[in-house]
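*Asks:* I would like the atomic coordinates for the input below:
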Amino acid sequence: MPNPSPASLSSSTTRNRRSFQIFGIRRFRFTMDNALDVLINFCAKFAETFILLLGPVLICFASAIISGLSWVFFAIYLPMMQFDMDQKDASPLRRFVEIGFNVAFVVFILAEIIFNYFMCVTTRNAGPKSSYDTVVRELAESTHLEYPQTPQEVAQFRRDFNDKITIRIRRRRAREIEERERQHAHSSCCDANGECSSKPSSANNTGIASGATGIASTLSTTAHDVEMVPAISSGGNTPTGENITLRKNTRQQKSTTSNIRKGSGGHVPSPPIRNWMLMAPDEWGYCTKTNQPKPPRSHYDHVSKSLVLCLDHYCPWMFNAIGYFNYRYFVNFLVFVFTGMMYGVFITYRPFSNSTGPLYREQLVQYRKTGVWTRIHPYTPISSERMPLSLAFMLCLAVGIAVACLGGFHIYLVLTGQTTIECHGNYMKRSKAKRSGQKYQNPYDMGSKRNWQQIYGEYNDRWSMFMAIIIPSRREPEFLPLPIGGEEGKRKYLRQLRREENNEMTKPFIASQLSAPATIV
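*Replies:* Okay, the predicted model is just below:
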């Protein structure tokens, strides 16, 4: 077959690539890959902006729901309860106990819901108004990391992390391709009846050899590239040099990945690999979005544009990211919303069922005779009360079921020491370990009791654990984001050690001042 001429190659290339000059200054080269990248970036930016703008709307909607249900209880249900007490000729003590208990319970649930919702919305996970920097330095101290302070140290930390992740990604790709080649060779040796021959065919040997050669050349190229990266980026600590280093590493990684696929002869695309999935549980990374070291269990939130410790998800209802500092408020909010919705279903079920029954029709007949709506039967709404009560019942039932599913999932995450992101990653690792006949265990799981303490703080008995949920508190988490066994995982332990070190440093100075002879002026 004749080789294509350079003219045909250039013509085919120009058909798929066009160059444009924008405002006579910058030339933009248009390709199909560029168009796809621009479309994906535009959709991502649009989704992030839409979710961000949706937050205030949902906060107003949630406030309207809370206000509406409270109005239904105080304006409709309490008069029904008082009418029922009048019909039964109840004693004043019974009236005080039953009505007072219901009012106190509703006020307590409302206070808990409003407090936890307000704290979940207003608690910052990053920035000057949060304790992010303090917690990060405490975590660096507990993990024995020299936290970079100067821009030069941060740039060096960034280069080291980039080189390390490049090596790990290429090794992972090479292992995946080698495993794929081994499975392909095993399947090609077996016939349709499932009987396998001991010697593969020559074509299979050739394919395996070419795949191994491609993997070996890839690993050697990887080692050579990684050795050359510091030499390229050592020209200075300027931002321009760092950007050039990252662009070259990205191109080398893409070309290496394509070479691995071509060398292996396979056409199955490899799944994407996240950097945090290649790191140890207590290993620090680097966030290229915020240009700072990335603590363990932290992720970048694309909506709030911040690096969040123990990021679980971004909640548009909270107009905030759910992470290390406000996760306790979020779980408490779900618990009390579920409790309040179930109570609403319980008290509105009887009026809702009577609103279409014979008791309501008797009141309707009485209205047609007198022209005035009067309550004849207890817990039976009149015409103006039917719609609010029916809406309250259906709303409480729907929200209660939804919050029960979401709250149950998050309680499971609390007891197992996971976040939503980590649950997804652990599921993938667990499935992969199961296929290979192994067993995977979550590295952050320290038992249900300690996992609960990581969120709600230390407690001595079940009563104190229960009171940690009931009593509203603005205290910060007592434990570090990374579970560490013993007293070293507590923030107050680190503060105590720092205080003792300061005392040891000041003791000689104080002793010298006390032993110095007094001078008489």
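
*Asks:* least trustworthy helix or strand in this structure by mean pLDDT?
*Replies:* Sorted by mean pLDDT, DSSP states H and E, the helices and strands of the chain end with helix 239-264, the least confident at a mean of 42.

*Asks:* count of residues packed around the closest residue to Asn320 other than its chain neighbours?
*Replies:* Nearest non-adjacent residue to Asn320, counting by CB to CB, 6 or more residues apart in numbering: Val121, 5.6 Å away. Every residue, glycine included, has its C-beta placed from N, CA and C. Per other CB atoms under 10 Å, the neighbour tally for Val121 reads 18.

*Asks:* do the same with Phe61
*Replies:* 12.

*Asks:* which helix in the protein has the most residues?
*Replies:* Longest helix in the chain, counting residues (DSSP state H): helix 32-72.

*Asks:* in this protein, what spans have low per-residue confidence?
*Replies:* In the prediction, the chain carries residues with pLDDT under 70 at positions 1-33, 189-274, 276, 495-521.

*Asks:* dump the residue contacts of the residue nearest to Asn320.
*Replies:* Shown in contact with Val121 (CB atoms under 8 Å, 6 or more residues apart in numbering): Ile59, Met318, Phe319, Asn320.

*Asks:* now Gln454: how far from Tyr349?
*Replies:* 38 Å (CB to CB, to the nearest Å).

*Asks:* next: Glu478.
*Replies:* Taking CB to CB, one finds Glu478 at 41 Å from Tyr349.

*Asks:* repeat for Ile167
*Replies:* Using CB to CB, we find Ile167 at a distance of 63 Å from Tyr349.

*Asks:* how close does Lys492 get to Glu478?
*Replies:* For Lys492, the distance to Glu478 - CB to CB - is 7 Å.

*Asks:* for Pro92, same thing?
*Replies:* Separation of Pro92 from Glu478 (CB to CB): 47 Å.

*Asks:* likewise for Arg95?
*Replies:* According to CB to CB, Arg95 and Glu478 sit 44 Å apart.

*Asks:* on that earlier part again, so what does the longest helix of the chain touch, helix or strand wise?
*Replies:* If you count contacts as 3 or more CB pairs under 8 Å, 6 or more residues apart in numbering; DSSP states H and E, helix 32-72 packs onto helix 92-122, helix 327-354, helix 383-416.

*Asks:* any idea of the angle that helix forms with helix 92-122?
*Replies:* Here the directions of helix 32-72 and helix 92-122 differ by 160 degrees (axes from the mean of the first three to the mean of the last three CA atoms, to 10 degrees).

*Asks:* list the buried ones in the helix or strand just after helix 32-72?
*Replies:* Under the assignment DSSP states H and E, the closest C-terminal helix or strand after helix 32-72 is helix 78-88. The neighbour-count check on helix 78-88 (16 or more other CB atoms under 10 Å) flags Met80, Met81, Phe83, Met85 as buried.

*Asks:* which SS class is Pro293?
*Replies:* Assigned with DSSP: H, G, I helix; E, B strand; the rest coil, Pro293 falls in the strand class.

*Asks:* settle it for me: which of Lys492 and Glu478 has more neighbours?
*Replies:* Higher neighbour count among Lys492 and Glu478: Glu478, with 16 against 11, using other CB under 10 Å.
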